[in-house]
Each structure stands twice: as C-alpha cells, then as structure tokens.
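[1] just a sequence and a predicted model for now, questions to come.
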Amino acid sequence: MIRQIKDNVFATGVQDWDRRLFDELIPLPEGTSYNSYLVRGAHKTALIDTADPPKYGELLANLRAAGVKQLDYIVANHAEQDHSGSIPLLLKEYPQAQVVTNPKCRDFLADLGLAAADRVIAKNDGETLDLGGRTLEFILAPWVHWPETQFTWLAEDRILFTCDFLGSHLATTKLYAEPGEVLHGAKRYYAEIMSPFRSSQPKYLDRIAQLGPELICPSHGPVHRKPFFIIDAYREWSSDRVKNMVLLPWVSMHGSTEAMVRHLTDALVDRGVGVVPCQLTNSDLGDIAAHLLDAATVVLGTSTALVGPHPQGLYAAAVVGALRPKTKFISVIGSYGWGTKAVETIQSLLANVKAELIPPVYIKGHPKDADFQALDKLADAILEKHKSLNLV
C-alpha cells in the first residue's frame, strides 16, 4: 500500500502485523511497521529508509505501484537491518542508485555487508542533496539511538524523517497518529529502545523544535501531524523527573517472596506511595520498561534458586541494568533456603544504574513477624526518600 503524504511525497513502507518479538527480546503486542518514504524532485528520486529483508517483496511492490522505474538515491538514516537490511536487494533492482548517509553509518553499512563504500555518498551534518525543487538536509543525531543515527529534513515541505527516534511499534492502517491511540505504544517503545540514551536526546529535541516541522515521519509507527505531542512526550520521558511510585517486579517459587511482596505493597499504599507489582512469569517486558520511566524506586523481589537469584529475577535485574532508568532508589527483597548470593548478584547487574541502594530485606525461609516488621521499615525508608524529592 502506498499513500500520499504531500505532493510527490509518499509513504511506501510495510506493516508487519504478525511479528511478536523484536531483536528476539522486545514483545510486539501490536506488531510493527518498517516505514520508508519516497520523495520525488524534478530531476531525482530518493527513498528514505527501506525495510526488514523478509518484507522486501512488499516494499518493492509498493515502489512498483508508485511507478518507480528509476531510483537515484537510498537514504540510510540508520544502519540497523530493520531499516537498511533491504539496501542490497534495492541496489540490484536499481543498479544506478547510490546510498546516501553519514560517514559513520557508511562504515556500519559496510561492516554489516549492506553496502560497499563505493556505492555510498557520505554527507556531514548540515549538508544537502538537491533532487530538483526539493532539498534533503542531513542532521546528524549521534546517540539518540545508535552512534550513526541521523535525521533527514525535507525543507520545502517541512517534513522531518527521524528513523527510530519519535516512533512506535504499531502496525496500523492509519497513516497519521492519534495521540490518545499511540501514546502507550510510543512510551513502551521509548522505554525499551530509546531510554538508555536519554541524556543525549534533549538537545536534539530542541533542534527539532527549532525546525518547526509540519510532519514527523518515523520509521516505526504512524506519521505525526501533531509533532509537538510526541516531542513533548519525549521531553518528559528523557527528563530526570520521576513519580511517587515503586515498581515491584517479582518472582516467587513457593510463596515466601510473594508473601513479602503482598505485605510491602500494602505497607507502601498505607503510606501514600503508589506501587506497581509485576509478576515476572506473566508480565510484559514492554510494560515493565514503561513503568521504569516513572518509578522513583525499584524493588526487585526474587526467590533464591540454588544460591543465586531465580532466573526471572536475574533477567529482570539485567534488563533494568541495561536500560539504566532514571530511578533514584533501588532495593531487593526475597528469601532463601540454605544460603544465597542473590543480593550480591543483583547489585552487580544494577551497577550501571545511578540509584541509591536502600538496604535489602532478604530472609531465610517463610517470612515471620520480624521479617514483616523489616518490610514495614523498608516502606518507611522509601517514603522518606520520596519525601526528600518532594514527591509526597
């Protein structure tokens, strides 16, 4: 399916309705899309981004339906295969085409076997490409996602093509995003993919705002014709602001850790602190990641398996450590049988998170009165920490 965005600017990407896992890691409850955009000038034609290789046939069908007999340029805003993976196939179909990207992305494309250096035109920040009455300007945006990420600005039509930035994993027949419909998916997407790079993002959000785009065209999800909705959302998510909330991912083998989770949840609620408990065996990683954008505190609850954390607890700690959330405080609760190194192992996985450790409550066996009292003291400590940030 091809759809016109503006005169001689078309959405030519494909929807992946059935994909349910991205990078063998990220759940896709609503599928995803691989957006590409065709821009025709008076003299040259450019395709901005391509598609994941399994969807190449659909992309090519869209280009043929758009009457593309000659393709002059393939703009690669990002080297990752879901956007650039179809470049080799397109270069065979359109042998006169050249890839246009920045020097670092050129090297990445070569490393990934997607484009030889002699097929690539490397553009630096602020340089342009004239299509004839339409000008593409390249804006380097390293570390909004990958180090070679760039945006492409179509000046005459005030359209900004942002690749992964400002996108969402959502397969839909709608060309344009409705804020109420896309917000949750965009937040999950940001939390899973963009949040580790949040410190680099505000300056690029400022630059985008200064451009004043009429449309933002990401490479996943629908087009934003209310661009400041998604810009403002990214400002909030990339900020240091947190909420009076505890995220409590947990796993329990025989009920002891579960009893501790239930007690701590009630104790925090009694103290006016919001809690989101997430049982790891049936929770969605994307939802947990989205809650990480808000939670002032994360308390990981895990049983001991042999002498280490339960594998689900281990996985959760690894994910939190990799995402490096803006969470201010972290603690651990759980139980063990004969011995444990669970707390030490979890702390090592969370070393990249710049958060204060509140002393854990890790007990032997099923919780007793003294253990429940220790959980009450943990709830008190969390409340005081939140008060120190004026969250309560």
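    On my side now, so go ahead. What you see is a predicted model; the values in this text were computed from it and never measured.
[2] how about the strands in the stretch 151-300 of the chain?
    Applying DSSP state E, counting those that start in this stretch to the stretch 151-300 of the chain gives strands spanning 159-163, 215-218, 243-251, 274-279, 295-305.
[3] next, format the ones you listed as CSV and append mean neighbour count.
    Just so you know, the C-beta spots here come from the backbone N, C-alpha and C atoms, and that holds for glycine as well. CSV is the format used below for these (neighbours: other C-beta atoms under 10 Å):
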stretch, mean neighbour count
strand 159-163, 26
strand 215-218, 24
strand 243-251, 23
strand 274-279, 18
strand 295-305, 26
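[4] which one of those strands lies nearest to A79?
    With C-beta to C-beta, the closest approach to A79 among the strands of the stretch 151-300 of the chain belongs to strand 159-163: 10.1 Å.
[5] now do that closest one, average pLDDT.
    Average pLDDT, strand 159-163: 98.
[6] equivalent analysis for stretch 341-353, please.
    95.
[7] and that stretch, what's buried?
    Residues of stretch 341-353 classed as buried: A342, V343, T345, I346, Q347, L349, L350, V353 (neighbour count, 16 or more other C-beta atoms under 10 Å).
[8] reformat those residues as TSV; add distance to G126.
    As requested, the buried residues of stretch 341-353 are exported to TSV (distance: C-beta to C-beta, whole Å):
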residue	distance to G126
A342	52
V343	50
T345	48
I346	46
Q347	45
L349	41
L350	40
V353	36
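[9] just checking, C278 touches V261?
    No - counting by C-beta atoms under 8 Å, C278 sits too far from V261 to count as a contact (9.9 Å).
[10] and for these two, which residues touch both?
    L248, W250 (C-beta atoms under 8 Å, 6 or more residues apart in numbering).
[11] pLDDT score for M1?
    At M1, the pLDDT recorded in the model is 85.
[12] residue contacts, the residue nearest to it when sequence neighbours are not counted?
    Once flanking residues are discounted, M1 sits nearest to N62: 6.8 Å by C-beta to C-beta, 6 or more residues apart in numbering. N62 is in contact with M1, I2, T12, G13, V14, counting by C-beta under 8 Å, 6+ apart.
[13] confirm N62 sits in a helix?
    Yes - N62 sits within a helix when classified using DSSP: H, G, I helix; E, B strand; the rest coil.
[14] circling back to that earlier point, and the strands of the stretch 151-300 of the chain: which comes nearest D49?
    Short answer: strand 159-163, nearest of the strands of the stretch 151-300 of the chain by C-beta to C-beta, at 6.3 Å.
[15] and the closest one, what does it pack onto?
    In terms of contacts (3 or more C-beta pairs under 8 Å, 6 or more residues apart in numbering; DSSP states H and E), strand 159-163 is packed against strand 150-154, helix 202-211, strand 215-218.
[16] picking up where we left off before, in helices only, show me the contacts of N62.
    The members of the contacts of N62 all map outside helices under DSSP state H.
[17] which among the residues you listed end up buried?
    I2, T12, G13, V14.
[18] and the first one, backbone torsions?
    Comment: the main-chain dihedrals of I2 come out as phi -110, psi 140, following degrees, to the nearest 10.
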